[in-house]
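Undergrad: Next come a sequence and a model predicted from it.
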2 protein chains.
Amino acid sequence: MKKMCIIGLGLIGGSMAIDLRKRKFASHIIGVDNNKLHAETAQKIGIADEIMSLEEGVKAADVVLLAVPVNVALELLPKVLDIVTDQVVTDVCSTKKTIMDSVKDHPKSSRFIGSHPMSGTENSGPWAAIPRLFDGKVAILCDTDRADKDAVETIKAMYTALNMRLEYMNSDTHDVHVAYVSHISHICSYALAVTVLDKEKDEQQIFNLASGGFNSTARLAKSGADMWTSIFANNKENVLEVMDTFIEKILSIRRCIKNDRTEELTELIEEANKIRRVLSK
Amino acid sequence: MKKMCIIGLGLIGGSMAIDLRKRKFASHIIGVDNNKLHAETAQKIGIADEIMSLEEGVKAADVVLLAVPVNVALELLPKVLDIVTDQVVTDVCSTKKTIMDSVKDHPKSSRFIGSHPMSGTENSGPWAAIPRLFDGKVAILCDTDRADKDAVETIKAMYTALNMRLEYMNSDTHDVHVAYVSHISHICSYALAVTVLDKEKDEQQIFNLASGGFNSTARLAKSGADMWTSIFANNKENVLEVMDTFIEKILSIRRCIKNDRTEELTELIEEANKIRRVLSK
């Protein structure tokens, strides 16, 4: 069992702590968080066994987990690696290229595995931490060829303890894929939410009428700005490219509706229906 | 208990049949469907007790339910009312203005209640019919002031048997609200699905990586073209207006990301987060 240091005691760090302890991957969890309330809460509700400074925490651990937004991770990761002797370090950020680039010349970079466990909820803070958040979901490990073998094995074991399916890819490919399967969905959802809130002045009616369809498309719009502005900034080129295609598609749907081009719209919808091939249920 | 005639034995008609029979609103269900396979299947799996022509079915019933796409309803509704003596007629279409207008001068129009039970799945046909589809959802009754009181009471009793919450509004207001809380969500979802299918050539990767977020925003893209092209056509002006606002919002998100305007993007996301006020969970 490992001594873990979790930097960032929010939804992801907290939820990982719960299951990694329970499933005997971690024997002891040191929490690090510059938000005092988060740190105290995490200790009180049993997510962290003790709270330390970043330096003490990293020194005392076998495995260091950076569970902070990508802009914060970019700032902390070199500091963490400066302290590392033979600890294994990983992060959980939704974009990987800027993270991997930021430490590629660091003397300890082979102790770092960039990873992305693809799960979450729209809530945040240690109060949002829940058990079994990662079961059956995908964890992506990036650029593992440049890391130490034992470090890769440790992180594989960690995600296996979380019951995650492992995928391997380089960080460029990762960032392209997530722009498609995750980032654009959040942008849609934000745009949809502000559209409805802006125009539909009668909130009671939204509440009364919002059916399953609206709920599922607008759900992601609950996600916090701290995390998502830095994701978009760190995957800017890919996100802009996907947005351009999306805007093009929305505009062709608009033209079809405006000009009563039913046949063309039918074709487009039948094309969209093919998503059944890749959506499980 | 009522003798019902259900015209259109698909997801909605079939699901209503299951619960209305079980909950003793309907004693006998006559099915009408010009798709022979649907009609035979509905009878075989016990959705309809017998199959008749539209004329026979309407004549033999107390309550007539038109459960067909809005373009078909526009064609059939006047024919149904021509046959009606004192039967009660309702429809289930997602747009109400064109439907209400189409029969407002019909001598039997006071026997018709325009209604919209807001529930569904992305599947279709009698095979898709399921019990309890409507429990706890909203049914909207439109322009009830111009209908006979006994007819309104019958349709209220029908939706109450389905455990639905009733809302009343005029058909113009209905069409504006559903453009916001339902139609734009479907358009987003279609555009998202074609974007991803168009650009992400590696379908296995979509399948592997699609997380909860993508699943929930793209789910509606499974919905069929027959139904949705005619919804968009029948709510064209409202849908185009909502789309314009949506496109404006997407373009401002794009500008924020492109020009690194983090503060403005944060504001926009925090505005979107307010959707928590109206989304139950």
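TA: All right, it came through fine. Numbers count the residues shown, from 1 in each chain, chains lettered A, B, ... in the order given.

Undergrad: shaky segments in chain A?
TA: A:200, A:211, A:280-281 (pLDDT under 70).

Undergrad: tell me the centre residue of it?
TA: A:S94 (4.2 Å; C-alpha atoms, centre = their mean).

Undergrad: Centre of the chain to stretch A:165-185, how far?
TA: The chain centroid and the centroid of stretch A:165-185 are separated by 11 Å, computed with C-alpha atoms, centre = their mean, to the nearest Å.

Undergrad: Next: stretch A:237-245.
TA: Mean C-alpha position of stretch A:237-245 versus that of the full chain (C-alpha atoms, centre = their mean) differs by 19 Å.

Undergrad: and the residue nearest to the centre of chain A, that one's in a helix?
TA: No - counting by DSSP: H, G, I helix; E, B strand; the rest coil, A:S94 is not part of a helix but coil.

Undergrad: ok, it to A:C188 distance?
TA: A:S94 sits 16 Å away from A:C188, going by C-beta to C-beta, to the nearest Å. The C-beta positions use only the backbone N, C-alpha and C, and glycine is treated the same way.

Undergrad: same thing with A:E270?
TA: For A:E270, the distance to A:C188 - C-beta to C-beta - is 21 Å.

Undergrad: And those two? Which one has more around it.
TA: The neighbour comparison of A:E270 against A:C188 (other C-beta atoms under 10 Å in any protein chain shown) goes to A:C188, with 30 against 11.

Undergrad: Do a quick rundown of the strands in chain A.
TA: Secondary structure of chain A, counting by DSSP state E: strands at A:2-7, A:26-32, A:50-51, A:63-66, A:88-91, A:112-117, A:138-142, A:165-169.

Undergrad: Take the ones you listed and lay them out in CSV including distance to B:H174 and mean neighbour count.
TA: Shown next, in CSV, are the strands of chain A (distance: least, C-beta to C-beta, whole Å; neighbours: other C-beta atoms under 10 Å in any protein chain shown):
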stretch, distance to B:H174, mean neighbour count
strand A:2-7, 51, 25
strand A:26-32, 52, 23
strand A:50-51, 55, 15
strand A:63-66, 50, 26
strand A:88-91, 49, 26
strand A:112-117, 43, 26
strand A:138-142, 41, 23
strand A:165-169, 45, 16
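
Undergrad: Figure out which of those strands is closest to B:E75.
TA: strand A:138-142 (47.7 Å; C-beta to C-beta).

Undergrad: centre of the chain versus the closest one, how much separation?
TA: 11 Å.

Undergrad: For it, which outside residues touch it?
TA: With C-beta atoms under 8 Å, 6 or more residues apart in numbering or on different chains as the test, strand A:138-142 has contacts from A:96, A:100, A:113-118, A:152, A:155-156, A:159, A:162, A:164-171, A:174, B:208-209, B:211.

Undergrad: Please name the residues that touch the closest residue to the residue nearest to the centre of chain A other than its chain neighbours.
TA: Distance criterion C-beta to C-beta, 6 or more residues apart in numbering or on different chains; nearest residue to A:S94, sequence neighbours excluded, is A:I231 at 5.0 Å. Shown in contact with A:I231 (C-beta under 8 Å, 6+ apart): A:69-70, A:93-95, A:183.

Undergrad: what's the farthest-apart pair in those residues?
TA: Those two in these that are separated most widely, counting by C-beta to C-beta, are A:P69 and A:H183, at 14.1 Å.

Undergrad: out of these two, which sits in the more crowded spot?
TA: A count of neighbours by other C-beta under 10 Å puts A:H183 above the other of A:P69 and A:H183, at 25 against 20.

Undergrad: the domain parsing of chain A - what is it?
TA: A:2-169, A:174-277 (automatic domain parsing).

Undergrad: Quick check: end-to-end length of the longest one?
TA: Start and end residues of domain A:2-169 are separated by 26 Å (C-alpha to C-alpha, to the nearest Å).

Undergrad: Show me how far it is from its chain's centre.
TA: 12 Å.

Undergrad: Which positions in the stretch 51-200 of chain A make contact with chain B?
TA: Counting by C-beta under 8 Å from any C-beta of the partner chain, the residues of the stretch 51-200 of chain A lying close to chain B are A:118-120, A:137-138, A:140, A:165, A:167, A:177-178, A:180-182, A:184-200.

Undergrad: For PyMOL, what selects the buried ones among those?
TA: The following PyMOL line selects those of these that are buried, judged by 16 or more other C-beta atoms under 10 Å in any protein chain shown:
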select buried, chain A and resi 118+119+120+137+138+140+167+177+178+180+181+182+184+185+186+187+188+189+190+191+192+193+194+195+196+197+199+200
